[in-house]
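> Build me a structure from this.
(one chain, ligands or ions: 2)
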Amino acid sequence: MRTVDEHLTEILGSVAALPPLDLALLEAQGTVLAEPVTAPVPLPPFDNSAMDGYAVVAADIAGATEAEPVALPVVGDIVAGDPGVSAIRTGLTARIMTGAPLPAGADAVIPVEWTDGGAATVRISRPAPAGNYIRRSGEDVLAGQTVVEAGTRLGATQIGMAAAVGRSHVVVRPKPRVVVVSTGDELQEPGTQLAPGQIWESNSYMLTAAVVEAGGMGFRQATVHDEPAKVMEMLEDQLVRADAIITSGGVSMGTRDVVKEVLSGTGTVRFHKVRMRPGKPQGFGLLEGTPVFTLPGNPVSAYVSFQVFVRPALRAMQGLPPEPMPTVSAVLAEDVRSPAGLRHFLRGRLSSNRGHYTVTPAETQGSHQLGSLAMANALIALPEDTEALPAGSHVDVMRLP
Ligand code: AMP
Ligand code: MG
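Residues are numbered from 1 along each chain as shown. Ligands and ions are numbered 1, 2, ... in the order given. Alright, predicted model coming up:
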């Protein structure tokens, strides 16, 4: 028997960050930036108008009122995209559109709403301070400034920011390609009829979705029967395209535990009993350099094992800190018991009231009982040395994605 921490340490010691890749911006969505993105020029790159209106010398209209508007001749039209070579001087104005470069000599923009909208001569009925409705060069981002830090997962706003500083490509850690495959003669595809003794296969769907939630690309494979030759054949087929492989089932002590049977022979994938509940039987190792996680078949065991062992590894492959799921301290709403010597992960419902968390353990905690897992939003992690805790105790709670 080994502890959860020992098993995780071995796993994290064996996986490495994927090599960085130069990707087109939209291909990089959801990946983790491997370089800082910096601005080569200030943003905005030039002083420009924040409104549709008139560029003026503010002093010229200092006395403007509704009753006595100031009339100025309009010497030109400046639209967004103009190269910015225009100029005015005192006593003149130019019509200007939002985003158009401020003409030399102007120090304020008067919105069209404060004028009669004249094309040859405009009457301005309100004064404005210097700087009015001008967006200054660099007021958003300075030249040389880092706008997205390395290690950031790229979402819509970061992708927009990268484009805004002129980047068409970014260097990122690609999403790990993770192949997920279930084993078991009893498993039937969802959407088909069950024969006696069969159940619908759920783990590969759940784990593929969990891979995606952890930032990877999940590739679900068809279920493999409990035949050693088929399991080996599947693994060999998948190794060429996978950054990691997850199997479910076939790793405990039964007579049809083929994953264990087949992979024990490789010498590099090893099987352990880990001091945890659920999820005691675990296997991990490298197959031709590719990490292989062999998770137990009971659905809740498979899921908890994923969150405890696979998710941190997938984070490491993305160049992220291999942290556990975000954990909060919560007050137990009910008494709990826990097996001595095992880290116990209990499904529960976490709720918060003004920053104070309470967690209620689910009534059913069997490792086959997916029903209570699907209703849970958290896993309560009870340490190995805990055997019982009364309601009101503080516990660590991992929030499920
Ligand atoms: P095993 O680890 O293969 O001995 O399976 C343990 C239990 O989990 C058995 O009750 C299996 O029927 C069930 N099980 C295994 N794999 C799956 C799966 N992919 N989907 C749903 N249940 C499974
Ligand atoms: Mg099985």
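> Dump stretch 223-231 to PDB, restricted to CA.
Once non-C-alpha atoms are left out, stretch 223-231 reads as follows in PDB (Å, rounded to 0.1, in the frame of the first residue of the first chain):
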ATOM      1  CA  THR A 223     -14.900  -0.100 -25.300                       C
ATOM      2  CA  VAL A 224     -12.500  -3.000 -25.300                       C
ATOM      3  CA  HIS A 225     -13.500  -6.500 -24.200                       C
ATOM      4  CA  ASP A 226     -11.800  -8.300 -21.400                       C
ATOM      5  CA  GLU A 227      -9.300 -10.000 -23.700                       C
ATOM      6  CA  PRO A 228      -5.600  -9.500 -23.200                       C
ATOM      7  CA  ALA A 229      -4.800  -9.400 -26.900                       C
ATOM      8  CA  LYS A 230      -7.500  -6.800 -27.600                       C
ATOM      9  CA  VAL A 231      -6.300  -4.600 -24.800                       C
END
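> Give the buried residues for that stretch.
Residues of stretch 223-231 classed as buried by neighbour count (16 or more other CB atoms under 10 Å): 223-224, 226, 231. Bear in mind the C-beta positions are built from the backbone N, C-alpha and C, glycine included.
> From the residues you listed, pick the one nearest residue 371.
Each of those was scored against residue 371 by CB to CB, and residue 223 proved nearest at 21.6 Å.
> residues contacting that closest one?
Residues in contact with residue 223 (CB atoms under 8 Å, 6 or more residues apart in numbering) are 181-184, 187, 189, 201, 204.
> Please report how far it lies from residue 314.
Going from residue 223 to residue 314 by CB to CB, to the nearest Å gives 22 Å.
> Export the contacts of residue 223 as JSON lines, with columns for distance to ligand 2 and pLDDT.
Listed next are the contacts of residue 223 as JSON lines, based on distance: CB to the ion, whole Å; pLDDT from 0 to 100:
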{"residue": "181", "distance to ligand 2": "12", "pLDDT": "98"}
{"residue": "182", "distance to ligand 2": "9", "pLDDT": "98"}
{"residue": "183", "distance to ligand 2": "6", "pLDDT": "98"}
{"residue": "184", "distance to ligand 2": "4", "pLDDT": "97"}
{"residue": "187", "distance to ligand 2": "8", "pLDDT": "98"}
{"residue": "189", "distance to ligand 2": "16", "pLDDT": "98"}
{"residue": "201", "distance to ligand 2": "11", "pLDDT": "98"}
{"residue": "204", "distance to ligand 2": "13", "pLDDT": "98"}
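> Could you restrict the residues you listed to the ones contacting ligand 1?
The subset of the contacts of residue 223 within reach of ligand 1, by CB under 6 Å from any ligand atom, is 182, 184, 187, 201, 204.
> List the residues that contact residue 349.
Neighbours of residue 349 in contact, by CB under 8 Å, 6+ apart: 359-360, 362, 375-378.
> Out of these, which sit inside helices?
Within those, residues falling in helices by DSSP state H are residue 375.
> Of the contacts of residue 349, which is the most crowded?
Ranked by the number of neighbours (other CB atoms under 10 Å), these place residue 359 first, at 28 neighbours.
> The nearest residue to that one once chain neighbours are set aside sits in which helix or strand?
Spatial nearest neighbour of residue 359, chain neighbours left out: residue 330 (4.1 Å); criterion: CB to CB, 6 or more residues apart in numbering. Following DSSP states H and E, one finds residue 330 within strand 327-332.
> from the chain's centre, how far out does stretch 210-218 sit?
Mean-position distance between stretch 210-218 and its chain equals 10 Å (CA atoms, centre = their mean, to the nearest Å).
> Determine if any part of that stretch is in contact with ligand 1.
No: using CB under 6 Å from any ligand atom, stretch 210-218 stays clear of ligand 1, with a minimum separation of 13.2 Å.
> hey, where'd the strands end up in the stretch 201-350 of the chain?
Along the stretch 201-350 of the chain, counting by DSSP state E, counting those that start in this stretch, strands occupy 217-220, 244-248, 269-273, 276-277, 281-287, 290-295, 327-332, 336-337, 343-353.
> Give me whichever of those strands is most buried.
strand 244-248 (a mean of 27; mean count of other CB atoms under 10 Å).
> What lies in contact with that one?
15, 176-183, 203-204, 207, 211, 216, 231, 235, 238-239, 259, 287, 290-297, 302, 306, 310, 313-314, 317.
> Need the per-residue pLDDT for the residue in the chain that ligand 1 sits nearest to.
Going by CB to the nearest ligand atom, ligand 1 is nearest to residue 297 of the chain, at 2.6 Å. You'll see residue 297 listed with a pLDDT of 98.
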